[in-house]
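J.: heads up, no residue letters with this:
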């Protein structure tokens, strides 16, 4: 639901963070080490969100600010979000260069512990076209993003936005089976982190079973 930024300050004695340079956004998650053509994960709430202002979200996606083919903002993401006064939803967001973001509501009643298998992946044999799937079902028509094939390093992260207020938002998201696509026709491979987002007092805990063939972690406020 936003671009990723990393520059935060934590206020002493408060169990939350305030980002003074990125519009109130803070993060706890990972960006892949390499560019790829898709990302997937099973995402679930580990606890009920408590949103005093703005929103919290846990999502996977590609693109970001300045990541469009001509340097504009462009991204595709999907995940779970909780918004002040609107409850907790499963959503997808599409941002094309030079256009307003499109927000799709996929499920308007998300329960704690309910796991959704979410994938954002380039369409085989159609470079620059992307699909969003939830539990194996497409939730939107294929999305054309000119000049994006093979350019994006996917992201799996939790975020909080305080809408410019001083209140604290609480969240917990579990990401399981995080994997990236090696190519339009390639198989899925375990996600390898190239950069960790961890702002202020958020926490990020790896969850790795013996001989696991994929990546898992829990991102939460503290």
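T.: Thanks, I have it. Source: prediction; values computed, not measured.
J.: what helix or strand does the most centrally placed residue in the chain sit in?
T.: For the chain, residue 59 is the residue whose C-alpha lies nearest the centre (Cα atoms, centre = their mean; 2.6 Å). Take DSSP states H and E as the rule and residue 59 turns out to sit in strand 55-64.
J.: Would you mind giving the secondary structure of residue 174?
T.: For residue 174, the secondary-structure state derived from DSSP: H, G, I helix; E, B strand; the rest coil is strand.
J.: Quick check: beta-bridge partners of it?
T.: In this entry, residue 174 is beta-bridged to residue 44, residue 218, by DSSP bridges.
J.: And it, how far from residue 119?
T.: Noted for residue 174: a distance of 17 Å to residue 119, by Cβ to Cβ, to the nearest Å. For every residue, glycine as well, the C-beta is placed using N, CA and C.
J.: beta partners of the residue nearest to the centre of the chain?
T.: Going by DSSP bridges, residue 59 forms beta bridges with residue 79, residue 157.
J.: Only the buried residues of stretch 131-138, if you could.
T.: Of the residues in stretch 131-138, 131-134 count as buried by neighbour count, 16 or more other Cβ atoms under 10 Å.
J.: Also stretch 175-192?
T.: Across stretch 175-192, burial judged by 16+ other Cβ under 10 Å covers 175-181, 184, 188, 191.
J.: That stretch: end-to-end distance?
T.: Stretch 175-192 has an end-to-end distance of 14 Å (Cα to Cα, to the nearest Å).
J.: Kindly report the same for stretch 98-111.
T.: End-to-end distance of stretch 98-111: 35 Å, with Cα to Cα as the criterion.
J.: Which residues outside that stretch are in contact with it?
T.: Here stretch 98-111 makes contact (Cβ atoms under 8 Å, 6 or more residues apart in numbering) with 1, 45, 72, 78, 80, 87-95, 116, 134, 139-140.
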